[in-house]
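>>> Sequence isn't available, so here's the structure alone:
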């Protein structure tokens, strides 16, 4: 049995939660090379416009940039290569059905270390319209004002 080691967040895709409405999340592993793992531990990752797609009953992560590890040998890794995501076959089938039926997109939400292993939180997302984004900004500003009032009044 593994010790109760906390989860260490490496990076969070904040843009994804702003641009997309997350309907369901999945935790999945990533098939990586050694130098990629070391770069991830250093926090040298970038989500950019990354997304996942299903090809031949396998889930692949595209446009996810992992910078080259500085201390690796000459034979480092390609920073932008597609990475295979590790999910159970039944999960892949369920995700594939939902993506095909409802027109949802697979977006990486965060990357973290869990018990020393690199894990990715994958979201089944629906794109937001401009008015949805404005409503989110308005709600966030209102919440900020309320918190400020509580601080100043001393409640």
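Sure, I can see it. Keep in mind that what you see is a predicted model, and the values were worked out from it rather than measured. Numbering: from 1, shown residues only.
>>> by contact count, what packs against the longest helix seen in the chain?
Counting by DSSP state H, the longest helix found in the chain is helix 130-153. Applying 3 or more CB pairs under 8 Å, 6 or more residues apart in numbering; DSSP states H and E, one finds that helix 130-153 makes contact with helix 14-19. Heads up, the C-betas are built off the backbone N, CA and C, glycines and all.
>>> still on that earlier bit, quick one: average pLDDT of the longest helix of the chain?
The average pLDDT within helix 130-153 is 87.
>>> just how off-centre is it within its chain?
Distance, stretch centre to chain centre, for helix 130-153: 25 Å (CA atoms, centre = their mean, to the nearest Å).
>>> do stretch 59-69 as well
Computed by CA atoms, centre = their mean, the chain-centroid distance of stretch 59-69 equals 12 Å.
>>> What's the end-to-end length of that stretch?
Counting by CA to CA, to the nearest Å, you get 25 Å between the two ends of stretch 59-69.
>>> What residues of it count as buried?
Within stretch 59-69, the residues that qualify as buried are 59, 60, 61, 64, 66, 67, 69, counting by 16 or more other CB atoms under 10 Å.
>>> what number of residues lie near residue 88?
Residues near residue 88, counting by other CB atoms under 10 Å, number 10.
>>> Distance of it relative to residue 139?
Distance from residue 88 to residue 139, counting by CB to CB, to the nearest Å: 36 Å.
>>> Quick one: residues in contact with the longest helix of the chain.
Helix 130-153 is contacted from outside by 18, 19, 21, 128, using CB atoms under 8 Å, 6 or more residues apart in numbering.
>>> Tell me which residues of stretch 33-42 come out buried.
33, 35, 36, 37, 38, 39, 40.
>>> Report the residue spans of the chain with pLDDT below the cut-off.
The chain contains residues with pLDDT under 70 at 1-5, 72-76, 155.
>>> same thing but at 50, please
Applying pLDDT under 50 to the chain flags the ranges 1.
>>> returning to what we had before: may I see the buried residues of stretch 33-42 organised as CSV, with distance to residue 82 and secondary structure added?
Shown next, in CSV, are the buried residues of stretch 33-42 (distance: CB to CB, whole Å; DSSP: H, G, I helix; E, B strand; the rest coil):
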residue, distance to residue 82, secondary structure
33, 13, coil
35, 16, helix
36, 12, helix
37, 17, helix
38, 20, helix
39, 16, helix
40, 16, helix
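>>> could you dump those to a markdown table with distance to residue 84?
Output for those, formatted as a markdown table (distance: CB to CB, whole Å):
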| residue | distance to residue 84 |
| --- | --- |
| 33 | 12 |
| 35 | 17 |
| 36 | 12 |
| 37 | 14 |
| 38 | 19 |
| 39 | 17 |
| 40 | 15 |
